[in-house]
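1. Based on what follows, work out the 3D shape:
(one chain, ligands or ions: 2)
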Amino acid sequence: MSENVSENVSVNATSSRRLALLGVGVMGEALLSGLLRSGQDAAQVVVGDRYEARAQHIVETYGVTVALPAEAVAGADTVVLAVKPQDMGSLLEEIHDALRPGAFVVSIAAGITTAYLEARLPEGTPVARAMPNTPALVDQGMAAVSPGTHCGTDDLAEAMRLLEGCGKVVTVPEKHQDAVTAISGSGPAYIFYVVEAMVEAGVLLGLPRVTSTELVVQTLFGAATMLKETGEHPTVLREQVSSPGGTTMSALRQLDDHKVRAAFLTAMEAAAQRSAELAQG
Ligand SMILES: NC(=O)C1=CN([C@@H]2O[C@H](COP(=O)(O)OP(=O)(O)OC[C@H]3O[C@@H](n4cnc5c(N)ncnc54)[C@H](OP(=O)(O)O)[C@@H]3O)[C@@H](O)[C@H]2O)C=CC1
Ligand SMILES: O=C(O)[C@@H]1CCC=N1
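-> Ligands and ions are numbered 1, 2, ... in the order given. Now for the predicted structure:
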């Protein structure tokens with residue numbers, strides 16, 4: 001598979017492949033719910049999570065089956081690994097001998113490279129590395145996938161199918177995955193942080209908290225919709241708001257004086273660096 005694949009591959013939402021999903025925390029559940037909404041047959045899905053109450057909640061909510069990781073992968077054509085990076089090494093050991101020959105393995109763990117996966121799975125196992133984000137919970141996810149050495153076209157299409165159930169998917173060369181993790185993987189948290197700050201500002205200015213929250217959330221939604229629907233550069237859209245001698249420029253000057261743009265650059269560099277560190281344990 002070429003390193004430079006970069007566009008969407010359109011795939012069917014449904015599949016008869018049997019799926020094992022290991023780790024059904026925040027992100028595992030987001031992917032599962034999106035897949036089921038897009039037509040995945042729950043009878044073909046087995047989940048495994050070491051937190052038993054969590055697994056039970058998922059089974060009751062989605063009608064899927066639960067099993068220990070080795071049992072789950074033994075019957076699976078596709079295995080999705082959605083545990084924390086720190087838990088990946090021991091999970092791979094646990095499933096190594098049970099994996100069906102030719103089964104396709106996708107990891108969504110930050111920092112975990114395809115080389116890491118390939119070195120710990122049976123020789124020749126097709127793998128892919130993916131980075132989704134939590135807006136998948138409302139079918140507005142953004143995910144990027146990178147194929148490993150033995151990942152064929154059908155395997156990549158399967159990875160796209162899994163992620164397209166809950167949002168947009170692109171393929172990227174794996175060298176970009178730490179940056180993807182820093183931008184779209186962690187991205188929702190930065191946006192929520194900005195929202196928190198703006199809501200607090202409204203309260204500081206005397207607005208009731210509920211009013212401030214409503215103003216900020218709709219402003220964010222409107223601004224995001226403008227970016228998406230107009231396709232305009234953010235600078236153009238920002239300039240449209242900034243009347244000469246007006247209020248917006250007074251605020252933006254403060255943000256520049258407080259080096260907010262520089263702080264965003266440094267913050268995302270730190271996230272990418274942390275992603276690169278995570279496979280080291
Ligand atoms: N949250 C996010 O926004 C995003 C997360 N990711 C990635 O997704 C992965 C999961 O993150 P997230 O969902 O937030 O984490 P969570 O902690 O919510 O979920 C992980 C789940 O996996 C369980 N688990 C750990 N080890 C095993 C094991 N050996 N077998 C079965 N289950 C196991 C955990 O149990 P226990 O609680 O007992 O540890 C937990 O329930 C991470 O690798 C992260 O990098 C990627 C994109 C976005
Ligand atoms: O914070 C993390 O490590 C995970 C990966 C991307 C979003 N959350």
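2. C-alpha only now, for contacts and for neighbours.
-> Will do.
3. residues from the stretch 151-281 of the chain in reach of ligand 1?
-> Proximity of the stretch 151-281 of the chain to ligand 1, by Cα under 6 Å from any ligand atom, involves residues residue 185.
4. near ligand 1, which residues of the stretch 1-150 of the chain?
-> 22-28, 48-51, 82-85, 87, 91, 108-110, 131-134.
5. Just the buried residues of these.
-> Burial of these was assessed by neighbour count (16 or more other Cα atoms under 10 Å); the buried members are 22-25, 27-28, 48-49, 82-83, 85, 91, 108-110, 131-134.
6. Let's see which of these end up in strands.
-> Among those, the members falling in strands (DSSP state E) are 22, 48, 131.
7. ok, these vs residue 225, which is closest?
-> Distance from residue 225 was checked for each of these by Cα to Cα. The minimum falls on residue 131, at 23.0 Å.
8. and the closest one, bridged to which residues?
-> Listed beta-bridge partners, residue 131: residue 144 (assigned using DSSP bridges).
9. ok, it to residue 214 distance?
-> 30 Å (Cα to Cα, to the nearest Å).
10. what's the answer for residue 153, then?
-> As judged by Cα to Cα, residue 153 and residue 214 stand 45 Å apart.
11. Do a quick rundown of the strands in the stretch 1-150 of the chain.
-> For the stretch 1-150 of the chain, the strands defined by DSSP state E, counting those that start in this stretch occupy 19-22, 45-48, 65-66, 78-81, 104-107, 127-131, 141-147.
12. which residues touch the longest one?
-> Outside of strand 141-147, the residues within contact range by Cα atoms under 8 Å, 6 or more residues apart in numbering are 1, 114, 127-136, 156, 159-160, 163, 166-174, 177, 180, 184-185.
13. Is it possible to mark the buried ones in those residues?
-> The neighbour-count test (16+ other Cα under 10 Å) marks 114, 127-136, 156, 159-160, 163, 166-174, 177, 180, 184-185 as buried among the contacts of strand 141-147.
14. hang on, the earlier thing: I'd like the ones in strands among the buried ones among the residues of the stretch 1-150 of the chain next to ligand 1 as a markdown table, with pLDDT and distance to ligand 2 appended.
-> Compiled in a markdown table, these are given as follows (pLDDT from 0 to 100; distance: Cα to the nearest ligand atom, whole Å):
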| residue | pLDDT | distance to ligand 2 |
| --- | --- | --- |
| 22 | 97 | 16 |
| 48 | 93 | 20 |
| 131 | 98 | 7 |
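15. and the longest helix belonging to the chain, which residues are buried?
-> Using DSSP state H to define each element, the chain has its longest helix at helix 209-230. Along helix 209-230, these residues count as buried under the neighbour rule (16+ other Cα under 10 Å): 212, 213, 216, 217.
16. And for stretch 50-63?
-> Under the neighbour-count rule (16+ other Cα under 10 Å), stretch 50-63 has 55, 56, 58, 59 buried.
17. Which ones among those residues lie within helices?
-> Among these, the members falling in helices are 55, 56, 58, 59 (criterion: DSSP H).
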